[in-house]
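Engineer: The following comprises the amino acid sequence and a computationally predicted model.
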Amino acid sequence: MVANNDLIALRFIRRAGSLIRTDLARQMGISLSLVSKITSELQQAGLIHEVGRTGSELGRPADLLALNPQAGYALGLDIGGECQVAVLTDLAGEVIVWSIMLLLV
């Protein structure tokens, strides 16, 4: 089960495309140690992954975190009177497959 802070972190990461942990902590208003715990759990669950590093000139480069698109899929259906539409997207919202079926009445 995904906890509330996990869902909030996922929402921020999805909206940003990718984030470093310090930016996520600032945006969520929580400590960096709690963000590290949350992101570690999300990585272990396969929901997020590291997609690169920042080009920091000061200090150590930070890991960029993003949603793992293959972590889940969503199916949308629109069943109307004259046609039916189905769409399958990955976790990042990219369309995998879509189909339209016209009903001949």
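Structural biologist: Noted; the coordinates are in hand.
Engineer: Kindly provide the distance from the residue nearest in space to the middle of the chain to Val35.
Structural biologist: Centroid-nearest residue in the chain: Leu67, 3.5 Å away (criterion: C-alpha atoms, centre = their mean). Distance, Leu67 to Val35, by C-beta to C-beta, to the nearest Å: 16 Å. Where C-beta positions appear, they are placed from N, C-alpha and C, glycine not excepted.
Engineer: Tell me who's in contact with the residue nearest to the centre of the chain.
Structural biologist: Leu10, Ile13, Arg14, Leu47, Ile48, Leu91, Ala92 (C-beta atoms under 8 Å, 6 or more residues apart in numbering).
Engineer: tell me the SS of the last one?
Structural biologist: Look at Ala92: counting by DSSP: H, G, I helix; E, B strand; the rest coil, its state is coil.
Engineer: which non-adjacent residue is nearest Leu103?
Structural biologist: Leaving aside its sequence neighbours, Leu103 sits nearest to Glu82 (C-beta to C-beta, 6 or more residues apart in numbering; 5.7 Å).
Engineer: Torsion angles phi and psi at the one you found?
Structural biologist: phi -110, psi -20 (degrees, to the nearest 10).
Engineer: same deal with Leu65?
Structural biologist: Here Leu65 shows phi and psi, under degrees, to the nearest 10, equal to phi -110, psi 140.
Engineer: on that earlier part again, give me the beta-bridge partners of the residue nearest to the centre of the chain?
Structural biologist: Ile48 (DSSP bridges).
Engineer: mind checking pLDDT for it?
Structural biologist: pLDDT for Leu67: 94.
Engineer: what residues are up against the closest residue to Gly46 other than its chain neighbours?
Structural biologist: Excluding the flanking residues, the one nearest Gly46 by C-beta to C-beta, 6+ apart is Ala71, at 5.1 Å. Counting by C-beta under 8 Å, 6+ apart, Ala71 makes contact with Ala45, Gly46, Leu47, Ile48, Leu91.
Engineer: from these, which single one is nearest Leu103?
Structural biologist: Leu91 (31.1 Å; C-beta to C-beta).
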